[in-house]
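Novice: Fold the stuff below for me.
(chains A, B, C and D)
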Protein chains: 2
Amino acid sequence: MTTRRTGLREQKKQATREALREAALRLALERGLENVRVDDIAEAAGVSPRTYNNYFSSREQAIVAAVTAEREARVAAAVAARPDVGLAEAVVEAIVEQYTDPGESHRDALLLITARPALREAFVETAGAVEHPLADVIARRLGDTDAHTPRVLAASVAAAIRVALHAWVQPSAATSGLVVLSGSLPDLLRAALSPLAPALDAAEQRAQQ
Amino acid sequence: MTTRRTGLREQKKQATREALREAALRLALERGLENVRVDDIAEAAGVSPRTYNNYFSSREQAIVAAVTAEREARVAAAVAARPDVGLAEAVVEAIVEQYTDPGESHRDALLLITARPALREAFVETAGAVEHPLADVIARRLGDTDAHTPRVLAASVAAAIRVALHAWVQPSAATSGLVVLSGSLPDLLRAALSPLAPALDAAEQRAQQ
DNA sequence: AACAAAAGTTGCGGGTACGCAAGTTTGCGC
DNA sequence: GCGCAAACTTGCGTACCCGCAACTTTTGTT
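Specialist: You can find the predicted model right below:
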């Protein structure tokens, strides 16, 4: 059901995408970012360099995708799994849940990302990927009152996540020169999302009338 | 005071930037987008190709900048000019005012932009430029209660503008090749911004206590 | 089983983007 | 005025990105 296009073809595509992600991250961790050519990643994944660009439109995308893969869909699912609380709470909790690193699996990857400005930017921009899935799930909750509202709310939530991630990966002047992941990401996310709560709840109120 | 760095140097930089914008737009209108090289724009503006990329990081940026130049600062000023109405109303009216094309000066430019996907995307992305000026002016209205709130609200407003622009430049169902600008941009902007009004006003309420 | 259409991969070619280091211009204190 | 430091420009070299057209693989139909 969730796999709309079933079949061997889609399977291979996902496998290739994952192979590229993994190869990109592994090579970047092993050699450092500037010692990894797109050609290297493609070769390690067993495809041509041209094919690499059919999957990722920049070198950084593949690396950050290894960390953020599938997160977007999980956020939407986590919102859908909270039908009994208000929209604002459902969204906030779903996001906090999914953006909180469950394990240490990617800790070194995150250190690499935070150390490199180009990767930081790409990482922060991944917040935009939640927009479409989130808009869909919000639209389902609100009903078909207005086509624009879910998109605007989802885009705003994505923007708030971007602000939080930006603050998180920023080597904060306050703490020190050392790149410590500043503050708790859950707290940053809650703080960034809280100004949007009135908008989310107001939309829900209007929809339920 | 607004011209932080005064002097001949800054003057020349702005002149170069404007020359590049104008050259890019003029050439694109004269020859069509794909018959304009970055080298051509640089030559027409009297600088080296390398210098072009010191000012704009993509070919499309220069062209859309000719239409959107300075808009961001004007939006912030227009918000500041409305201290007597609620924050939501001030923001919405300021944006509608500044995004409503005052003249026909750029009508043909907008037709070019809407016709080309790459330019459409670059144009829609210019909405992000209002974020920082808008965050500043919102922060001034709210006081220094919370550093995150103004940024989140500004980012959300920028996201809403992006949604509205996206809907505006989208070639409507009538696909005779001719792109009719679908709907009224002011109406689209009001519709996209209205879901954020509760968030803006709630932030202001909290700040005034 | 065979075939045609749809989808994906690949090499090629040309344009774009940017780090770097050398050269030039501007700002500013003396 | 003088000269130095900072800022800007430029050429070069390298890598990236993507349209295109030819080729291969998968899918669905008869």
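
Novice: pLDDT wise, what is the residue nearest to residue A:73 when sequence neighbours are not counted at?
Specialist: Spatial nearest neighbour of residue A:73, chain neighbours left out: residue A:133 (5.7 Å); criterion: C-beta to C-beta, 6 or more residues apart in numbering or on different chains. C-beta here means a position set from N, CA and C on the backbone, and glycine is covered the same way. Note on residue A:133: pLDDT of 92.

Novice: can you tell me which helix or strand residue A:133 belongs to?
Specialist: For residue A:133, the element it lies in under DSSP states H and E is helix A:131-142.

Novice: Next, the angle from the next helix-or-strand element following that helix to helix A:131-142.
Specialist: For helix A:131-142, the succeeding helix or strand toward the C-terminus, using DSSP H and E, is helix A:148-169. Angle between the axes of helix A:148-169 and helix A:131-142 is 130 degrees (criterion: axes from the mean of the first three to the mean of the last three C-alpha atoms, to 10 degrees).

Novice: Show me what the helix or strand bottoming out on mean pLDDT in chain A is packed against.
Specialist: In chain A, the helix or strand scored least confidently by mean pLDDT, DSSP states H and E is helix A:107-115, which has a mean of 87. Under the contact criterion of 3 or more C-beta pairs under 8 Å, 6 or more residues apart in numbering or on different chains; DSSP states H and E, helix A:107-115 touches helix A:8-31, helix A:59-68, helix A:117-125.

Novice: which residues touch that helix?
Specialist: Outside helix A:107-115, the residues within contact range by C-beta atoms under 8 Å, 6 or more residues apart in numbering or on different chains are A:25, A:28-29, A:33, A:63-64, A:66-67, A:101, A:119-120, A:123, A:169, A:171, A:179, A:181.

Novice: so that helix versus helix A:117-125, what angle?
Specialist: Put simply, helix A:107-115 runs at 110 degrees to helix A:117-125, going by the same axes, to 10 degrees.

Novice: List the buried residues in helix A:107-115.
Specialist: For helix A:107-115, burial by neighbour count (16 or more other C-beta atoms under 10 Å in any protein chain shown) applies to A:109-110, A:112-114.

Novice: And the closest residue to DNA strand D within chain A, how far from chain B?
Specialist: Taking C-beta to the nearest atom of the strand, DNA strand D has its nearest neighbour within chain A at residue A:7, 2.5 Å off. Residue A:7 sits 29 Å away from chain B, going by C-beta to the nearest C-beta, to the nearest Å.

Novice: What's the per-residue pLDDT of that residue here?
Specialist: Taking residue A:7 on its own, its pLDDT is 80.

Novice: Tell me, how many residues neighbour it?
Specialist: By the criterion of other C-beta atoms under 10 Å in any protein chain shown, residue A:7 has 9 neighbours.

Novice: okay, the helices and strands packed on helix A:107-115 in TSV with mean neighbour count next?
Specialist: Formatted as TSV, these follow (neighbours: other C-beta atoms under 10 Å in any protein chain shown):
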stretch	mean neighbour count
helix A:8-31	16
helix A:59-68	22
helix A:117-125	18
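
Novice: Out of those, flag the one nearest residue A:151.
Specialist: helix A:117-125 (18.3 Å; C-beta to C-beta).

Novice: The closest one packs against which elements?
Specialist: Helices and strands touching helix A:117-125, by 3+ C-beta pairs under 8 Å, 6+ apart, are helix A:59-68, helix A:107-115, helix A:148-169.

Novice: coming back round to it: so which of the contacts of helix A:107-115 are also by DNA strand C?
Specialist: With the criterion set as C-beta under 7 Å from any atom of the strand, no member of these is near DNA strand C.

Novice: Show me which of the residues you listed is closest to chain B.
Specialist: residue A:169 (15.0 Å; C-beta to the nearest C-beta).

Novice: and residue A:75, what helix or strand is that in?
Specialist: Assigned by DSSP H and E, residue A:75 falls in helix A:71-80.

Novice: Name the residues of that helix that are buried.
Specialist: Here helix A:71-80 shows A:71-72, A:74-76, A:78-79 as buried, counting by 16+ other C-beta under 10 Å.

Novice: and residue A:33, how many residues sit next to it?
Specialist: Residue A:33: 17 neighbours (other C-beta under 10 Å).

Novice: Now for it: which residues touch it?
Specialist: A:63, A:112, A:116, A:118-119.

Novice: Widest-spaced pair of those?
Specialist: A:112 and A:118 (11.2 Å).

Novice: follow-up on the earlier one: adding distance to residue B:48, write the contacts of residue A:33 out as CSV.
Specialist: Formatted as CSV, the contacts of residue A:33 follow (distance: C-beta to C-beta, whole Å):
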residue, distance to residue B:48
A:63, 33
A:112, 35
A:116, 29
A:118, 25
A:119, 30
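
Novice: ok, so of those, who is nearest residue B:185?
Specialist: residue A:118 (34.8 Å).

Novice: Pull the contacting residues for that closest one.
Specialist: For residue A:118, the contact set (C-beta under 8 Å, 6+ apart) comprises A:33, A:60.

Novice: distance of it from residue B:65?
Specialist: Look at residue A:118 and residue B:65: by C-beta to C-beta, to the nearest Å, they are 23 Å apart.

Novice: What count of nearby residues applies to residue A:156?
Specialist: 28.

Novice: Kindly report the same for residue A:166.
Specialist: By the criterion of other C-beta under 10 Å, residue A:166 has 18 neighbours.

Novice: In space, what's closest to it - neighbours in sequence excluded?
Specialist: Once flanking residues are discounted, residue A:166 sits nearest to residue A:124: 5.2 Å by C-beta to C-beta, 6+ apart.
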